[in-house]
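> Quick one, what's the 3D model for this:
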Amino acid sequence: DMMWKAGILGAILVAVAVYVAFSPPNVRDTTDYNVAPPWPIFTLAGFLSSTLRKASNSLVPPAIRILERAFDMNQLMATYCCSKAGWANILNKGPQSGRVLAAHANMSKELTRRLIRACVLSEVFRELTHSKEDIDDDERLYANTPVGDILRDDHPFTMRPLFQHHVEDVVPALGQLWNAAQNESTIAFSLAFDYPHTPHA
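Residues are numbered from 1 along each chain as shown. Prediction:
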């Protein structure tokens with residue numbers, strides 16, 4: 001059984017490698033959503049991604065996996081603050097320092113530093129001066145990653161409005177999910193936003 005699975009995985013890896021090696025540059029560019037890969041490659045890549053993710057998860061102890069779920073909210077809210085600050089837009093002009101980002105958002109340098117570094121950890125932004133120890137924290141330079149690019153207003157497939165909608169409208173309702181589950185006469189959105197109580201569908 002293991003040999004069979006290993007053979008399938010090997011075939012997938014070979015197919016993806018051949019595709020990457022011989023496809024046009026604009027097709028290999030994962031930030032270009034106008035050009036979809038051939039359906040068989042898309043399916044194989046999705047299967048490979050899912051398989052590797054499951055294999056990776058199996059190596060993580062259950063307690064750590066629960067903690068990761070709990071702390072996912074920290075990354076979500078840090079990314080939300082960076083999205084509201086519009087940092088992806090200003091970083092599209094080129095690398096910027098923490099001082100510039102703080103001024104752009106009318107935010108304290110200390111809070112800016114904490115938020116931007118949280119987003120560096122989640123690969124929304126990247127630090128260009130991470131190897132320099134003698135540089136002042138406010139002068140460290142940051143840039144967008146492909147993930148951060150999606151939060152730009154001018155990106156043709158921007159996710160900024162949808163991401164902010166999720167945090168502002170969906171997350172508060174999720175916080176009321178348990179209370180709503182105890183009352184069949186209302187839904188979480190009614191509790192979160194003081195709507196007239198609406199029965200469950």
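> CA only for contacts and neighbour counts going forward, please
OK.
> just so I have it, where are all the strands in the protein?
Using DSSP state E, the strands of the chain run over residues 96-97, 125-127, 141-144.
> Need those in TSV (columns: distance to Ala105, mean pLDDT and mean neighbour count).
Below are the strands of the chain laid out as TSV (distance: least, CA to CA, whole Å; pLDDT from 0 to 100; neighbours: other CA atoms under 10 Å):
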stretch	distance to Ala105	mean pLDDT	mean neighbour count
strand 96-97	13	94	20
strand 125-127	16	94	22
strand 141-144	15	94	23
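> Tell me which of those strands lies nearest to Cys81.
strand 125-127 (13.0 Å; CA to CA).
> which residues sit against the closest one?
The contact list for strand 125-127 (CA atoms under 8 Å, 6 or more residues apart in numbering) reads Ile116, Cys119, Val120, Arg140, Leu141, Tyr142, Ala143, Asn144, Thr145, Val147, Gly148.
> distance between it and the chain's centre?
Its chain's average C-alpha position is 13 Å from that of strand 125-127, according to CA atoms, centre = their mean, to the nearest Å.
> Partner strands of that strand, with direction?
Strand 125-127 sits in its sheet next to strand 141-144 (antiparallel), going by DSSP bridges.
> which secondary element of this structure has the worst mean pLDDT?
Ranked by mean pLDDT, DSSP states H and E, the helix or strand of the chain with the weakest confidence is helix 25-28, at a mean of 50.
> first to last residue in stretch 121-135, what's the distance?
20 Å (CA to CA, to the nearest Å).
> wait, stretch 97-110
Using CA to CA, one end of stretch 97-110 lies 13 Å from the other.
> buried sites along that stretch?
Buried residues in stretch 97-110, defined by neighbour count with 16 or more other CA atoms under 10 Å: Ser97, Gly98, Arg99, Val100, Leu101, Ala102, Lys109.
> List just the nearest of these to Leu59.
Gly98 (36.5 Å).
> ok, so what distance separates the nearest residue to the closest one once chain neighbours are set aside from Ala85?
Spatial nearest neighbour of Gly98, excluding adjacent residues (CA to CA, 6 or more residues apart in numbering): Asp138 at 4.8 Å. Applying CA to CA, the value for Asp138 to Ala85 is 17 Å.
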